[in-house]
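**Q** Provided below for reference: sequence and predicted model.
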2 protein chains.
Amino acid sequence: MASPGSGFWSFGSEDGSGDPENPGTARAWCQVAQKFTGGIGNKLCALLYGDAEKTGGSSGSESPGVAPRKAACSCDQKPCSCPGAEVNYALLHSTDLLPAGDGERATLAFLQDVMEILLQYVVKSFDRSTKVIDFHYPNELLQEYNWELADQPQNLEEILMHCQTTLKYAIKTGHPRYFNQLSTGLDMVGLAADWLTSTANTNMFTYEIAPVFVLLEYVTLKKMREIIGWPGGSGDGIFSPGGAISNMYAMLIARFKMFPEVKEKGMAAIPRLIAFTSEHSHFSLKKGAAALGIGTDSVILIKCDERGRMIPSDLERRIMEAKQKGYVPFLVSATAGTTVYGAFDPLLAVADLCKKYKIWMHVDAAWGGGLLMSQKHKWKLNGVERANSVTWNPHKMMGVPLQCSALLVREEGLMQSCNQMHASYLFQQDKHYDLSYDTGDKALQCGRHVDVFKLWLMWRAKGTIGFEAHIDKCLELAEYLYNIIKNREGYEMVFDGKPQHTNVCFWYVPPSLRNLEDNEERMSRLSKVAPVIKARMMEFGTTMVSYQPLGDKVNFFRMVISNPAATHQDIDFLIEEIERLGQDL
Amino acid sequence: MASPGSGFWSFGSEDGSGDPENPGTARAWCQVAQKFTGGIGNKLCALLYGDAEKTGGSSGSESPGVAPRKAACSCDQKPCSCPGAEVNYALLHSTDLLPAGDGERATLAFLQDVMEILLQYVVKSFDRSTKVIDFHYPNELLQEYNWELADQPQNLEEILMHCQTTLKYAIKTGHPRYFNQLSTGLDMVGLAADWLTSTANTNMFTYEIAPVFVLLEYVTLKKMREIIGWPGGSGDGIFSPGGAISNMYAMLIARFKMFPEVKEKGMAAIPRLIAFTSEHSHFSLKKGAAALGIGTDSVILIKCDERGRMIPSDLERRIMEAKQKGYVPFLVSATAGTTVYGAFDPLLAVADLCKKYKIWMHVDAAWGGGLLMSQKHKWKLNGVERANSVTWNPHKMMGVPLQCSALLVREEGLMQSCNQMHASYLFQQDKHYDLSYDTGDKALQCGRHVDVFKLWLMWRAKGTIGFEAHIDKCLELAEYLYNIIKNREGYEMVFDGKPQHTNVCFWYVPPSLRNLEDNEERMSRLSKVAPVIKARMMEFGTTMVSYQPLGDKVNFFRMVISNPAATHQDIDFLIEEIERLGQDL
């Protein structure tokens, strides 16, 4: 569990730089530095002042093991001209940073030290000898550290300490053995792009205040529509705050397309609408229906085959049933990559039915959309080009930092008509540039975070072929796992056959359960295995993988691989770890 | 306009460090560095290699003026042990960075160089001698640079160049003369916190994967509720992707509170609902009503007084009118700080009416909520403690980086009941820790970006008194502006009296219009003044302030001050600039 006083997060000792045993070395450097011209001396001195002042051990009762660097220059010349000479964080507050008149030096030192903390974390994240998680129960975490907010400011030394502490207890989501979610991994270019986005600190609603980001959204969404297969990449779209909201957009637009009067008159003025999605689909379809005033009862869950794929004949039956009751089927949401099984609904068959019954076809490819980048796997989404709208989350299978979710719409202009409110104080119509780039009024949000830049920059850095290689590798790893466990003693697959996506669903059956009859008692005992193994994984901090029940199936592991850092050895490790932690159950 | 080839963004020459004229200096240092022990020499050499290789001038036809550093060591010892020795970005791709097995050195160099670009931008942002914006029309920007996405990867030199180019064309939203939006400024601690958030790269839905952030959200929302005035800070809340979504949440929860069956049955099963908000309120209320299936016709806009404050008698009249028609008034959204006038609706009077007619009282304090931090100004929100829900955007008046919007709800548990879908694959009920911290199921979103950390860390750094000082200063600056222009020749105030918030609304009347009769022609000509001045501001890049028409009032300037960098001199500058750019109109 916790290891107070370990000094894990103390500065300067772990990366091999600095000479903690001999601060005189740094001092000597700093003296020499002053003799050189051109500012180099100062820069060197600035680099050194911190390492020379490395503090060891605990720095107080509040957070054992967290020892922030005292950033005072240690050179012997007083007063010296080192940039760090007067940067003593214990004496500085945020008011001493920019825009304070003389705040530049302190600001640069502070931000560089934050960066050092972040870089240490990044390096540790990829180090298999570190824990994925240093787990603490909520009440422990609340007690171990004072998180409360107060009237009085804290100094920058304390602020740096908070940064370290926060990362100490964070989950290393980029760790090669973190498999817990559909979004894993930490891409370095994506991270850099997200830092830049934070620094630019602007909003997506107009070209006026986000010219480049607005253009990049335009370029990127068009490219994604081309990949979907819409002619010339035409259509519309938006980056939204997550797949659930993207799916809600689709539902909203589909409803507006069929009954535009709903915008002014509300649901009371139109017939009862019915949406269809599979029983394995994401809960956001029901959540969206509840929010939009459609109601969860009007979301019909279509049966799936044993692999979790929607059964088209059941879809048609339920569509006809709804029509017979006088209801209006308005949306089918097919899933390309279900959350648990990773199943791909048969999109071509769904498209045929949507065409036949004139229903909006949405594809929730939040998880599976990434496979469109792969020549080898994109056939699983055959038919997506016939959809009216598509949810595609690059923050899942494409490894883009959170959040990055796109909703793509085939018909241009519909989003704008559906959502615009003509707020003249935001979207002035007499501005001096082409207003078609002011896209804010087609969003549900007013202000909108810049989510595109990290995807765009990663795409530049990797190329489409880079995403393809990543995806092919993850699917190959999933198949590797499947091949290991499908016939291994102590494992049962939740469904037969090679996984369609990287989802591998299985039970680990401990020796004590292996010879039991397949009855209720066994199921009951089996259902408790995954939670205990998962709890132990988190307490040891060695790896993380998800589990859940589904329908009549008791708790099973759902392994997913989207992490670029994962290797065959990490898959082997996972298996060994499950067995190590579960064999006594 | 554009200044190609200016070399503005080339490295190393502007901050006084390095010696671009004398690369030999750096080489000499690098040689000396090798003789020292303890890793310091390597670190120094790593610091220097870039400056020594500074490239001048243009680096290609794609982006004139952008000259990335070639990160090869220039020391004379070959092979040398400088960490940067083999880091030549032109030869490196993202696949050479972590998690690549030998990627650590290249990763650290790359991220540090990105950071250098960001730090340069930060420093420039606060420099009044730099432009707020280097404006280009959309078609120019599309032509000047190749933004397209391709199959093939680009090298890291190109990636660094894209970072520079993106920032070159960005709006400096932290610039002391950027007044264009309600969100301005760039807080250094907030920025650091946002970088950390990006690095931690996780999602808010469970304690399992975001332990610290989930606790900090709990602590911070509780503190905000205490400040609102709810006993013991009790209640509920969430950080949502912007004020529009927060307002939509309020509407959603208010509807559910009155008619919980709407979740399953939809709007068709319940009476026609009516919401009330002022004619000066934010358009998101109507947008929300459209989305939720309530319909914009069911949002009644209540008349305002000449200062933009809702008139309670008109509210009561319209409530009674709706009831007489058999409709159900379910929500009043009062505004604390309207977008254009900065007006505060009379919350106590609204609260009385909501109590009388049993209507959910929401306060949209997205813009005005910050004033709750000020002893001097919080009286303007008297009555907010009687609200059922409050929208409060720390990313506006409190200067937190985008996005950071909170929806606070007085009744605990309601959000959860309203939005939960019990997705067992995400919110397992048999986990080993206290599940009350798994807050994901009360959100409309599934994945949710971490928005809390920057607010929490800023609050630690500034204390409540720091926010108070910032807010008092901004309001004082607004009053300063008001006092300058209220009697100044060529200015007309849009409404009389001291501004309630920092919004100062005025027309600049050029000399040619000053002696005209107050008729339609004058109005028509006056309406064209602000757009032209604004266009000129953007082309010169000197400052940015918003304008808009409102009701029967033609285009006027809406000055708002939330920028911590702004001073009295910047206000003086704005006035001079408006006159300089507008006197010939």
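**A** Arrived safely. Numbering: from 1, shown residues only, chains lettered A, B, ... in the order given.
**Q** Closest approach to chain B from the stretch 201-350 of chain A, which residue is it?
**A** Proximity of the stretch 201-350 of chain A to chain B (Cβ to the nearest Cβ) peaks at A:Gly293, 2.5 Å away. No exception for glycine: its C-beta is placed from N, CA and C like everyone else's.
**Q** Settle this for me: that residue is touching B:Ile294, isn't it.
**A** Yes. A:Gly293 lies in contact with B:Ile294 (Cβ atoms under 8 Å); the separation is 6.6 Å.
**Q** hey, what's in contact with both of these two?
**A** Among the neighbours of A:Gly293, those also in contact with B:Ile294 (Cβ atoms under 8 Å, 6 or more residues apart in numbering or on different chains) are A:266-267, B:267.
**Q** what does the stretch 351-500 of chain A have sitting close to chain B?
**A** For the stretch 351-500 of chain A, the contact set with chain B under Cβ under 8 Å from any Cβ of the partner chain comprises A:395, A:401-403, A:405, A:418-419, A:421-426, A:428, A:430-434, A:437, A:444-449, A:453, A:456-466.
**Q** Separate out the buried members of those.
**A** The neighbour-count test (16 or more other Cβ atoms under 10 Å in any protein chain shown) marks A:395, A:401-403, A:405, A:418-419, A:421, A:423-426, A:428, A:430-433, A:437, A:444-449, A:453, A:456-464, A:466 as buried among these.
**Q** Compute the first-to-last residue distance for stretch A:492-504.
**A** The distance separating the two terminal residues of stretch A:492-504, taken as Cα to Cα, to the nearest Å, comes to 11 Å.
**Q** Name the residues of it that are buried.
**A** A:493-494, A:499-504.
**Q** Please pull up the helix or strand immediately following the top helix by length along chain A.
**A** Among the elements of type helix in chain A, defined by DSSP state H, the one spanning the most residues is helix A:452-485. Remark: after helix A:452-485, the chain's next helix or strand is strand A:491-493, criterion DSSP states H and E.
**Q** Counting neighbours, what do you get for the nearest residue to A:Met115 once chain neighbours are set aside?
**A** The shortest distance from A:Met115 to any non-neighbouring residue, by Cβ to Cβ, 6 or more residues apart in numbering or on different chains, is to B:Met115 (5.1 Å). Here the number of neighbours of B:Met115 (other Cβ atoms under 10 Å in any protein chain shown) works out to 22.
**Q** pretty sure B:Met115 is in a helix, no?
**A** Yes. Remark: B:Met115 belongs to a helix, assigned using DSSP: H, G, I helix; E, B strand; the rest coil.
**Q** Run the chain-centre distance for the host helix or strand of A:Lys287.
**A** Following DSSP H and E, one finds A:Lys287 within helix A:284-291. When distances are taken as Cα atoms, centre = their mean, to the nearest Å, helix A:284-291 is centred 21 Å away from the chain's centroid.
**Q** anything in the helix or strand following it near chain B?
**A** The helix or strand immediately downstream of helix A:284-291 is strand A:299-302, counting by DSSP H and E. No. Counting by Cβ under 8 Å from any Cβ, chain B is not contacted by strand A:299-302; separation bottoms out at 10.0 Å.
**Q** List of residues touching strand A:299-302?
**A** Contacting residues not belonging to strand A:299-302 are listed as A:274-279, A:281, A:285-286, A:289, A:310-311, A:314-315, A:318, A:322 [Cβ under 8 Å, 6+ apart].
**Q** switch to 10 Å and redo it
**A** With contact meaning Cβ atoms under 10 Å, 6 or more residues apart in numbering or on different chains, strand A:299-302 is reached by A:251, A:273-281, A:285-290, A:310-319, A:321-322, A:327, A:329, A:331-334, A:345, A:350, B:264.
**Q** Of those residues, select the buried ones using a ChimeraX command.
**A** The buried residues among those can be selected in ChimeraX (16+ other Cβ under 10 Å) with this line:
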select /A:251,273,274,275,276,277,278,279,280,281,285,286,287,288,289,290,310,311,312,314,315,316,318,319,322,327,329,331,332,333,334,345,350
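**Q** Inside strands: which ones of the contacts of strand A:299-302?
**A** Where the contacts of strand A:299-302 overlap with strands, as defined by DSSP state E, the overlap consists of A:273-278, A:329, A:331-334.
**Q** Cross-check the residues you listed against chain B and keep the overlap.
**A** When those are filtered against chain B using Cβ under 10 Å from any Cβ of the partner chain, the residues retained are A:Leu273.
**Q** low-scoring pLDDT stretches of the stretch 1-150 of chain A, where are they?
**A** Low-confidence segments of the stretch 1-150 of chain A, defined by pLDDT under 70: A:1-86.
**Q** err, chain A, not the other one
**A** Counting by pLDDT under 70, the low-confidence segments of chain A come to A:1-86.
**Q** how many other residues sit next to A:Gln152?
**A** Neighbourhood size, A:Gln152 [other Cβ under 10 Å]: 10.
**Q** and the residue of the stretch 201-350 of chain A closest to chain B, what is it in contact with?
**A** For A:Gly293, the contact set (Cβ under 10 Å, 6+ apart) comprises A:255, A:262, A:266-268, A:273, B:252, B:255, B:262-263, B:265-270, B:273, B:289, B:291-295.
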